[in-house]
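Novice: Coordinates for the following, if possible.
(chains A and B)
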Amino acid sequence: GQNIDQPTEMTATEGAIVQINCTYQTSGFNGLFWYQQHAGEAPTFLSYNVLDGLEEKGRFSSFLSRSKGYSYLLLKELQMKDSASYLCARRTGANNLFFGTGTRLTVIP
Amino acid sequence: GAVVSQHPSWVICKSGTSVKIECRSLDFQATTMFWYRQFPKQSLMLMATSNEGSKATYEQGVEKDKFLINHASLTLSTLTVTSAHPEDSSFYICSARDQASGTDTQYFGPGTRLTVL
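Specialist: I've put the predicted structure just below:
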């Protein structure tokens, strides 16, 4: 398998910051993607990392460490609409995307 | 971002019939499209990679004769579920690869919910 691991569920408070971690198999690595998926809908693209470091895009940031096979998605100033599943996906050299099981985030008032 | 459409958005069919699902890239050309299946509360599982003008590449465990894929143009791929059975009921999602963008990103269609009675 692709050995993509992320927590199954997380809960955070509106206005807070939450970090969702993802570890993956490093061999054949060709990029790390984060997608958001609301129940019953298709995933929407959030971020892409191929080099080490932090990519910031508004309230969302994503970090990558290739040597450690580790990434995280950081969500700031949480809003109720951020309640969704967050999918970590690893791209292979063949340009296929393999997804983790997703982290179901619940934002509470 | 790039837009990908799928049709139909949902379909109910009888066991033994065939169902065709269309995936279109609306504002970009996609030489490569992907078909995924997602069961409730599970992640997306890649079924096959669809390449324009050539045969699809299927993932291990996916029957190519049951899930027929055709990618006849740079903006359209179709998935036909042949002789559908209740266990084929699932959420089928396509994605299209936008190589013109700097990130070479896959954009997903809205999905098709298939229910086989």
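Novice: lowest confidence element among the helices and strands of chain B?
Specialist: Within chain B, confidence by mean pLDDT, DSSP states H and E is lowest for strand B:105-108 among all helices and strands, at a mean of 87.
Novice: How about the contacts made by residue 24?
Specialist: Looking at chain A here, since you left the chain open. The contact partners of A:Y24, taken as C-beta atoms under 8 Å, 6 or more residues apart in numbering or on different chains, are A:2-5, A:32, A:69-71, A:88, A:90, A:100. All C-beta spots, glycine's among them, are computed from the backbone N, C-alpha and C.
Novice: wrong chain, I was asking about chain B
Specialist: Per C-beta under 8 Å, 6+ apart, neighbours of B:R24: B:4-7, B:75-76, B:109.
Novice: okay, and the helix or strand of chain A with the least pLDDT?
Specialist: strand A:97-99 (a mean of 87).
Novice: all strands for the chain, in order.
Specialist: Using chain A. A:9-13, A:18-23, A:29-37, A:44-49, A:53-57, A:60-65, A:70-75, A:84-92, A:97-99, A:103-108 (DSSP state E).
Novice: try chain B instead
Specialist: Using DSSP E, the strands of chain B run over residues B:4-7, B:10-13, B:19-25, B:32-38, B:45-51, B:57-58, B:67-73, B:76-81, B:90-98, B:105-108, B:112-116.
Novice: Can you give the contact residues for the shortest one?
Specialist: Right, the one you point to is strand B:57-58. B:47-49, B:51, B:64, B:67.
Novice: Alright, that wraps it up for me.
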